[in-house]
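Engineer: Next input, structure requested:
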Amino acid sequence: MSLSRENLKMMRKLSIVAAGMFAFGYALIPIYKTICEVTGINILALGERDIPGAKATMPANTQVDTSRTITVEFDANARGPWSFQPAQRSVKVHPGEMTTVMYEFQNTQDRRMSAQAIPSYAPHQASPYFNKLECFCFNQYTLEPGEKKSWPVVFVIDPKLSKDVATITLSYTFFEVGSKTPPAPGSTSAALPAVVVTPVSTGVGV
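Structural biologist: Presented below is the predicted three-dimensional model:
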């Protein structure tokens with residue numbers, strides 16, 4: 001009989017210890033969250049909190065010079081019977097800002113043709129600072145009769161460009177591959193027509 005009483009007491013003690021351990025483990029969850037939020041150990045817990053003004057405090061892209069605005073004008077010259085033009089005539093950009101502009105082309109001939117574009121810049125001093133990340137002028141293209149294409153020009157103007165330059169003109173001359181390569185737009189290096197000099201007779205015998 002005494003053995004049964006001892007076993008009963010032991011069971012009660014074990015039950016109390018088990019209940020205490022369960023309560024302690026359950027209490028650890030809010031304690032852990034409080035400690036993590038105060039100390040910042042749990043980065044995920046802090047990141048999930050809705051912090052007012054968090055987006056406003058994100059650092060801006062320092063590569064873009066928002067204090068300056070440059071007007072970029074687009075020009076297109078077609079050396080042949082086809083249609084070639086920019087989708088828009090000009091844009092205003094900040095130095096360091098990536099910009100995309102589309103050019104539209106159509107082969108209006110009744111035959112297949114291959115063509116390529118030659119770019120130029122005005123003023124000429126802007127050329128080293130006009131960085132094209134993607135441009136149709138990098139490749140030659142073959143178009144079927146009546147085929148239309150739209151090609152992008154993705155560019156960034158280097159913030160180191162002189163502040164005296166407020167407007168840049170990007171010109172393209174589109175010519176058929178296999179024909180005589182034209183000079184770049186605005187170039188003065190075009191070949192001059194040959195001049196034939198005819199001797200004038202003076203009537204004096206030699």
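
Engineer: Can you name the residues bridging to the residue nearest to Thr167 when sequence neighbours are not counted?
Structural biologist: Sequence neighbours aside, Thr71 is the residue nearest to Thr167 in space, at 4.6 Å (criterion: Cβ to Cβ, 6 or more residues apart in numbering). To be clear about C-beta, it is placed using only N, CA and C from the backbone, and glycine gets the same treatment. Beta-bridge pairing for Thr71 (DSSP bridges): Lys92, Thr167.

Engineer: And Thr71, how far from Thr99?
Structural biologist: According to Cβ to Cβ, to the nearest Å, Thr71 stands 12 Å off from Thr99.

Engineer: which residues are common contacts for these two?
Structural biologist: Counting by Cβ atoms under 8 Å, 6 or more residues apart in numbering, the common neighbours of Thr71 and Thr99 are Val91.

Engineer: Pick out whichever of these two has more residues nearby.
Structural biologist: Per other Cβ atoms under 10 Å, whichever of Thr71 and Thr99 has more neighbours is Thr99, with 15 against 12.

Engineer: what about the helices in the protein?
Structural biologist: Secondary structure of the chain by DSSP state H: the helices cover 2-39, 43-47.

Engineer: Can you find the helix or strand of the chain with the lowest average pLDDT?
Structural biologist: Ranked by mean pLDDT, DSSP states H and E, the helix or strand of the chain with the weakest confidence is helix 43-47, at a mean of 40.

Engineer: The residue nearest to Thr167 contacts Lys92, doesn't it?
Structural biologist: Yes. Using Cβ atoms under 8 Å, Thr71 is in contact with Lys92, at 5.5 Å.

Engineer: Quickly list what the nearest residue to Cys135 once chain neighbours are set aside is bridged to.
Structural biologist: Closest residue to Cys135 apart from its sequence neighbours, by Cβ to Cβ, 6+ apart: Val153 at 5.1 Å. Judged by DSSP bridges, the bridge partners of Val153 are Val101, Cys135.

Engineer: repeat for Thr142
Structural biologist: Ser114.

Engineer: check contacts around it.
Structural biologist: Listed by Cβ under 8 Å, 6+ apart, the contact partners of Thr142 are Arg112, Met113, Ser114.
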